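Trainee: give me the fold of what follows.
(one chain, ligands or ions: 1)
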Amino acid sequence: MQSSAIPLHSTPVFQPKLTNFPPKNNYQFLFRTNFFTPRMASASSLSGYYPIRSLKVDSSSIVTDDDANGFSTLMEYVGKGGLNVGDDLAILLHHIQYACKRIAALVASPFNSSLARHIGRSAAAGTDVSGRDAPKPLDIVSNEIILSALRNSGKVAVMASEEDDSPIWLNADGPFVVVTDPLDGSRNIDASIPTGTIFGIYGRHVELDHLPEEEKALLNSLQSGKRLLAAGYVLYSSATILCASFGSGTHAFTLDHTTGDFVLTHPNIKIPPRGQIYSVNDARYFDWPEGLRKYIDTVRQGKGKYPKKYSARYICSLVADLHRTLLYGGVAMNPRDHLRLVYEANPLSFLVEQAGGKGSDGKNRILSLQPVKLHQRLPLFLGSLEDIEELESYGDVQQKVNPGYEV
Ligand SMILES: O=P(O)(O)OC[C@H]1O[C@](O)(COP(=O)(O)O)[C@@H](O)[C@@H]1O
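Mentor: Got it, this is the predicted structure:
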């Protein structure tokens, strides 16, 4: 139980010095935030971590409240008074959360469109960035931020990112492999619609250590979702929320901008077994197979197993659509081959399962799939256990017609 004595922080009011803005020809300011900059964090610089050990945690020992403050931060939660995930993973998380605070600052910055133009020009030299799926400049910047955080952690052997053609080999001694979509939903960014970062963490396959770098980087990145040690997303919205699982429940932490800490606000999220919301781009209705059409027609008329008329909600930003689904229940889906197994479907299915829900491609459990290609795409259905099972019972729910859409 959270203590009711949550301290109220006074928000500092900064007087902008108008003469300083915008800074002249210098976009570096966008990378600076008021948060602490971790360099190479070490176990001794992060108080209270036990030496490295496996991720088997005793959830009965998890401390969710800090006596002094009435809340616990992400780093306290994973430290020795909480989950005690071990030094290596705690250090890695420290760097990932810092990277996400930088991305949060970037997407909320009044200058991000100038940055987009600036970086867009350099990225465009010799490259066609006009296509719908072409990386947006903020994708590229976010990718760089995550890459530098993982490198600085010293704990990552390989990073595989949706933004890169191939995985990047970082450190032969790094115990972890990180897969990531650094900025999902970035097509929404110019309208300030929520976006998110997704990440999954695996152990490095030591038995592959003898292989050439390129080969072991790829094989380490193609691990089945069943092997995830931890996964998470960060939602950049009216609040910045880091939602993570280390294999013992799904927990969400909200960024307190006054302290720079992610504070535990949603311990042990349990997705309702039924929701009353479906989330899909239903302009695609006429490209859907019969089974999916029937399912949606049925639930929106209140004729499904749950006799309520379902409502539609679709942000078109996977992290935001999933976050709502975790809290309110229902189904978030993209029935066409669009979302990526490695960077999106696996980490998010892990979180959903840890919250008691289900992640499916319409036929199979996502976490049981063996990725064969790094950028493999598939239909994705995430949500309440009973809703997903009902949807799967319609059989024919994967959209095969995928013409590529203009918006
Ligand atoms: O165009 P659709 O099929 O509605 O797809 C929308 C989905 O695509 C995404 O924008 C991801 O696309 P990208 O991986 O190409 O960025 C999700 O955030 C969103 O859920």
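
Trainee: low-confidence ranges, the stretch 101-250 of the chain, go.
Mentor: Low-confidence segments of the stretch 101-250 of the chain, defined by pLDDT under 70, span residues 113-136.

Trainee: how far away is the residue nearest to Val372 when sequence neighbours are not counted from Gly404?
Mentor: The spatial neighbour of Val372 that comes closest, neighbours along the chain excluded (C-beta to C-beta, 6 or more residues apart in numbering), is Leu222 at 7.2 Å. For the C-beta atoms, the positions are set from N, CA and C on the backbone; glycine is no exception. Distance of Leu222 to Gly404, given as C-beta to C-beta, to the nearest Å: 26 Å.

Trainee: next one: Arg377
Mentor: Arg377 sits at a distance of 12 Å from Gly404 (criterion: C-beta to C-beta).

Trainee: so for those two, which sits in the more crowded spot?
Mentor: Arg377 (17 against 9; other C-beta atoms under 10 Å).

Trainee: please list the residues of this protein that sit near the ligand.
Mentor: Proximity of the chain to the ligand (C-beta under 6 Å from any ligand atom) is limited to residues 133, 184-185, 187, 281, 316-318, 334, 336, 338, 405.

Trainee: dump those residues to JSON lines, plus neighbour count and secondary structure.
Mentor: Putting the residues of the chain next to the ligand into JSON lines (neighbours: other C-beta atoms under 10 Å; DSSP: H, G, I helix; E, B strand; the rest coil) gives the following:
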{"residue": "Asp133", "neighbour count": "8", "secondary structure": "coil"}
{"residue": "Asp184", "neighbour count": "29", "secondary structure": "strand"}
{"residue": "Gly185", "neighbour count": "20", "secondary structure": "coil"}
{"residue": "Arg187", "neighbour count": "16", "secondary structure": "helix"}
{"residue": "Asn281", "neighbour count": "15", "secondary structure": "coil"}
{"residue": "Cys316", "neighbour count": "16", "secondary structure": "coil"}
{"residue": "Ser317", "neighbour count": "22", "secondary structure": "coil"}
{"residue": "Leu318", "neighbour count": "25", "secondary structure": "helix"}
{"residue": "Asn334", "neighbour count": "24", "secondary structure": "strand"}
{"residue": "Arg336", "neighbour count": "22", "secondary structure": "strand"}
{"residue": "His338", "neighbour count": "18", "secondary structure": "strand"}
{"residue": "Tyr405", "neighbour count": "12", "secondary structure": "coil"}
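
Trainee: out of those residues, which is nearest to Thr195?
Mentor: Using C-beta to C-beta, Gly185 is the member of the residues of the chain next to the ligand that sits closest to Thr195, with 4.4 Å.

Trainee: Tyr314 is in contact with the closest one, correct?
Mentor: No - contact criterion C-beta atoms under 8 Å: Gly185 and Tyr314 do not qualify, at 11.7 Å.

Trainee: so Tyr236 bridges to which residues?
Mentor: Residues in a beta bridge with Tyr236, per DSSP bridges, are Thr195, Thr240.

Trainee: pretty sure it contacts Pro194?
Mentor: Yes - proximity of Tyr236 to Pro194 meets the contact threshold set by C-beta under 8 Å, at 6.1 Å.

Trainee: need the strands for the stretch 101-250 of the chain, in chain order.
Mentor: Under the criterion DSSP state E, counting those that start in this stretch, the stretch 101-250 of the chain contains strands at 156-161, 168-169, 176-184, 195-203, 230-236, 240-245, 250-256.

Trainee: how about the stretch 301-407 of the chain?
Mentor: 311-312, 331-340, 358-360, 377-383.

Trainee: can I get these in JSON lines with distance to Tyr98 and mean pLDDT?
Mentor: As requested, those are exported to JSON lines (distance: least, C-beta to C-beta, whole Å; pLDDT from 0 to 100):
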{"stretch": "strand 311-312", "distance to Tyr98": "37", "mean pLDDT": "98"}
{"stretch": "strand 331-340", "distance to Tyr98": "25", "mean pLDDT": "98"}
{"stretch": "strand 358-360", "distance to Tyr98": "28", "mean pLDDT": "98"}
{"stretch": "strand 377-383", "distance to Tyr98": "27", "mean pLDDT": "98"}
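
Trainee: make a markdown table from these and add distance to Tyr295 to it.
Mentor: As requested, those are arranged in a markdown table below (distance: least, C-beta to C-beta, whole Å):
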| stretch | distance to Tyr295 |
| --- | --- |
| strand 311-312 | 13 |
| strand 331-340 | 9 |
| strand 358-360 | 13 |
| strand 377-383 | 10 |
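
Trainee: closest to Thr180 out of the ones you listed?
Mentor: Ranking the strands of the stretch 301-407 of the chain by distance to Thr180, with C-beta to C-beta as the measure, places strand 331-340 first at 10.6 Å.

Trainee: next, the angle from the closest one to strand 377-383.
Mentor: Calculated by axes from the mean of the first three to the mean of the last three C-alpha atoms, to 10 degrees, strand 331-340 forms an angle of 160 degrees with strand 377-383.

Trainee: just checking, what packs against strand 331-340?
Mentor: Of the remaining helices and strands, those touching strand 331-340 by 3 or more C-beta pairs under 8 Å, 6 or more residues apart in numbering; DSSP states H and E are strand 277-279, helix 318-328, strand 377-383, helix 385-392.
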